[in-house]
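In: structure of the sequence below:
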Amino acid sequence: MRDIRFSVLDVENLRLHYAKTLTHWLARYEAANASVTEMFDDTFVRAWRLYLSSSIACFLSGGLQLFQVVFARGEKNAVPWSRQHLYTQ
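Out: Here you go, the predicted model:
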């Protein structure tokens, strides 16, 4: 990073957010099960169910992590002091 003069402005771990996203995806996948089984074979259907379920478990337990890193080139320091602005209406 030093050679291209990027600085890290923010690092956020989104693993719990992504576990929740995957939980919603799994619910929608299960709700669409009839359509999915018409288009794909049982191996595909079970593989995706396993993938979504195991990913949820791994993100919840901390076995998988998801980081969002914000970089800026040079000395750009104009960042909010907190993430509060993201959660206010």
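In: name the nearest residue to the residue most central in space within the chain, ignoring sequence neighbours.
Out: Among the residues of the chain, the one closest to the centroid is residue 18, at 3.6 Å (C-alpha atoms, centre = their mean). Nearest in space to residue 18, with sequence neighbours left out and distances taken as C-beta to C-beta, 6 or more residues apart in numbering, is residue 66 at 4.8 Å. C-beta here means a position set from N, CA and C on the backbone, and glycine is covered the same way.
In: the residue nearest to the centre of the chain against residue 65, yeah?
Out: No: using C-beta atoms under 8 Å as the test, residue 18 is too far from residue 65 to be in contact (9.3 Å).
In: where does the prediction get shaky in this protein?
Out: The model of the chain has pLDDT under 70 over residues 1-2, 89.
In: sec struct for residue 71, please.
Out: strand (DSSP: H, G, I helix; E, B strand; the rest coil).
In: wait, it sits on residue 5?
Out: No: proximity of residue 71 to residue 5 does not meet the contact threshold set by C-beta under 8 Å, at 10.2 Å.
In: Three-state assignment for the residue nearest to the centre of the chain, please.
Out: Assigned state for residue 18: helix (three-state reduction, three-state DSSP).
In: that one and residue 34, how far apart?
Out: 27 Å (C-beta to C-beta, to the nearest Å).
In: same thing with residue 14?
Out: 32 Å.
In: neighbour-wise, which of these two wins?
Out: Remark: of residue 14 and residue 34, residue 14 carries more neighbours, 14 against 7, as counted by other C-beta atoms under 10 Å.
In: residues in contact with that one?
Out: 66, 67, 68 (C-beta atoms under 8 Å, 6 or more residues apart in numbering).
In: give me the number of residues near the residue nearest to residue 23 when sequence neighbours are not counted?
Out: Nearest residue to residue 23 in three dimensions, chain neighbours excluded: residue 56, at 5.7 Å (C-beta to C-beta, 6+ apart). Residue 56 has 19 neighbours, counted by other C-beta under 10 Å.
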